[in-house]
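**Student:** give me the fold of what follows.
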Amino acid sequence: MDTLYTPLDSTREIRLLRLHSRSSSSKTPSIQSEDNVTICCDLYPTTVSEARKRGYEALSYTWGSPADPLSILVNQTRVPVTRNLYAALQHLREDTDEVTLWVDALCINQMDNAEKSEQVSMMTEIYAYAKNTKVWLGPADETSDEVMIQLAEIGKAVIDKGAYDLFTKMSALSIKDPVAAGQAEDQATNLLQAMLDNSLGQLEGTLRLLTGFCKLLCRQYWSRVWILQEIVVSKNVEVHCGKLRLQFAILHAAMLYLIYMHVYVSVQLAESMAALMEVTEISDDGNFPPDCELMQLEPQFKSLNSIDIKPSARFASGMRIRYHSTAEENDETKVNLIDLLSRNRVGREATDPRDRIFALLGIAADAEALRIIPNYADTNSCAVVYCNAAHALIASGHVDILAFSQWSKKDPTMPSWAPDWSEEVKQPFGQLPWESPYSGSGSKIPFKHSEQSDPVSRLRMHGIIVDYIESARPQCNNGEWLSTHHRLQACTYLQDIMSLCQISNEKLAQSGVEIYPDPSARERAYQRVPVADLYSTGMFRRATIEECHLGHAEVITDFMQSQKPVPDPTPSTRTFRSYYSLMAEQVQRRPFVTVKGFVGLAPKHVEEADVIVIFPGARFPYVLRRCDDGTYLLIGEAYVDGIMDGELATEGSSTEEFVLK
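**Tutor:** Residues are numbered from 1 along each chain as shown. Okay, here's the model as predicted:
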């Protein structure tokens, strides 16, 4: 392998792979091949500008297992490659013409860390300058051909009917302008009504299509962290699966339709079932007649809702739209590193865990300002890379990167305050911080970066002390996902919070000191705290007083009705469903009361005497634990009722310095 790679003359050089045709390769003695025609290539250096001028195509794929490789000829040298790369080259090879490719596993000397660092820094240009990027999902399976054909038909129909732009508009406006997003949804529904009705009327076919589509999106390719940059920056993207291929725009249009159709059909079925429940008589044993239409719809409804459309491919597609937006100067179309990291915190694979940072720099709008440079030196450990990235993000004002730091870390060298992106990282309160309705630090105390003179594993922050944890109740449902089948556990959780609110009221009676900046908020604390004052209608927002009141009451009423000899059906109101789902988002937290009487939710690892602090610039308060040496451990973000809108962060508020480790 060493003979393949002579040093590149400069950081402006890359290598390209010339893939010989089948006809010319058939003259070469066979090495290892599945079609008896050896894969033969030439690897040669060239400048980026020359490569762009002459033209080449980039391959986007997953390396696959290194076990049991196959061999190809590169510059007359036998080179082992993974079976997935072999299959991709075999598929992309032409009968009579050469194909010029950029393939990371072959074009970068993977054994030279210095070269690897330089080439990774150039990958944005490499993919952006390619004539085409070939996405290789892998060989065909028993369902992929049928699904690819259907996706082509659906995607083309969605584009031809003018609904594609409306779908992308819905996604872009869902948070900042829900009204406009709703209008776009209504227009898209009208344009695609016939297709939606057909999907609802042909449920068996719809279930088969959605299942096959999910299987396609579950392929390992979509889990690679590097595909984001490769798909996003490329001018033209073509998706290959087996012998079939799709233009990426058509796949994206089909994807958006299927995601919307999945929800649409589910809602229609739920409404039909609810209507049937009102008019269908229940037998003496408390069940519906087995031959009624309701019993026929129920298994289809369950099958439909068991289908989980993975978000990985959808996110890559949405990012591509934003990256190539015509409004290049509009900051709203740009995505910063913290946004990329938070949306790719689960389900992304990287052979080198440092790539969870490095692979995103090419599409991060703030990469240059953050000054994070890919460095694959052995001394630049994963923990160091993650800590440096967290330092850079906090210094730029993204204090709530702290909310992605989970308490349990497999790597003992990771400090408590820095997120370990190689593990599954949960969203705080089930939402992304910048989409949160909270503003715990308010606007009166602007963020000011503390000068860092400590080791990279430590963080200095100034903050306002809120109070100390006095006691905490157990997690809801022992930390397991809460469903409507867990009625007793849900009501136990509500009762625990009501008891803490009562303790808070008793503290007020004893001290005469009202800690709530708005005393009237105390009256409804027991209804807000269980859901962290959130409400969901497809996205999280602050709950209205009436929504919290209704949701809380309906959960209790549902539990009481479930205790009857013949239980009443579970309520189907939006407030009930939202309240239950938002309680479920909080099961990793424990309800607490502080010494002064604040009530809220804190991470499950919270203990008595932990301190609650508000850091300027942060949306959430944070729980810290003091160590014997005077430093602190970060326990995690908290919901503290009554102070989530910056009520305590007023001008003149005194701050203290905390050193986190």
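**Student:** any idea which helix or strand in this protein has the lowest mean pLDDT?
**Tutor:** In the chain, no helix or strand scores lower on mean pLDDT, DSSP states H and E than strand 540-542, which sits at a mean of 75.
**Student:** and the helix or strand following it, what does it pack onto?
**Tutor:** Downstream of strand 540-542, the next assigned helix or strand under DSSP states H and E is helix 545-562. Contact analysis of helix 545-562 by 3 or more Cβ pairs under 8 Å, 6 or more residues apart in numbering; DSSP states H and E lists helix 487-511, helix 525-528, strand 534-536, helix 574-584 as its packing neighbours. C-beta coordinates here come from the backbone N, C-alpha and C atoms, glycine included.
**Student:** what angle separates helix 545-562 from helix 574-584?
**Tutor:** Between the axes of helix 545-562 and helix 574-584, defined by axes from the mean of the first three to the mean of the last three Cα atoms, to 10 degrees, the angle is 90 degrees.
**Student:** 605 is where my numbering starts, stick with that
**Tutor:** With 605 as the first residue, the last one maps to helix 1149-1166.
**Student:** need the next SSE after the biggest helix by length in the chain, C-terminal direction.
**Tutor:** The helix spanning the most residues in the chain, taking DSSP state H as the definition, is helix 852-883. On the C-terminal side of helix 852-883, the closest following helix or strand by DSSP H and E is helix 897-910.
**Student:** not counting its neighbours along the chain, what's nearest D956?
**Tutor:** By the measure of Cβ to Cβ, 6 or more residues apart in numbering, the closest residue to D956 outside its immediate chain neighbours is Y980, 7.2 Å from it.
**Student:** I'd guessed the one you found sits against S721; true?
**Tutor:** Yes - in this structure, Y980 is within contact of S721 by Cβ atoms under 8 Å, at 5.0 Å.
**Student:** got the contact list for T1259?
**Tutor:** With contacts defined as Cβ atoms under 8 Å, 6 or more residues apart in numbering, the neighbours of T1259 are 1049, 1066-1068, 1220.
**Student:** next: F1219.
**Tutor:** Taking Cβ under 8 Å, 6+ apart as the definition of contact, the neighbours of F1219 are 1003, 1006, 1045, 1051, 1065-1067, 1226.
**Student:** export those residues as JSON lines, with columns for distance to Y1243 and secondary structure.
**Tutor:** Shown next, in JSON lines, are the contacts of F1219 (distance: Cβ to Cβ, whole Å; DSSP: H, G, I helix; E, B strand; the rest coil):
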{"residue": "V1003", "distance to Y1243": "17", "secondary structure": "helix"}
{"residue": "L1006", "distance to Y1243": "15", "secondary structure": "helix"}
{"residue": "S1045", "distance to Y1243": "14", "secondary structure": "coil"}
{"residue": "F1051", "distance to Y1243": "21", "secondary structure": "coil"}
{"residue": "M1065", "distance to Y1243": "20", "secondary structure": "strand"}
{"residue": "H1066", "distance to Y1243": "22", "secondary structure": "strand"}
{"residue": "G1067", "distance to Y1243": "17", "secondary structure": "strand"}
{"residue": "Y1226", "distance to Y1243": "11", "secondary structure": "strand"}
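**Student:** pLDDT check: weakest of those residues?
**Tutor:** On pLDDT alone, F1051 ranks lowest of the contacts of F1219, at 70.
**Student:** which residue packs closest to that one, ignoring adjacent ones?
**Tutor:** Beyond its immediate neighbours in the sequence, the residue positioned closest to F1051 (Cβ to Cβ, 6+ apart) is G1221, lying 2.8 Å away.
**Student:** what do you get for V988?
**Tutor:** Once flanking residues are discounted, V988 sits nearest to V1060: 6.0 Å by Cβ to Cβ, 6+ apart.
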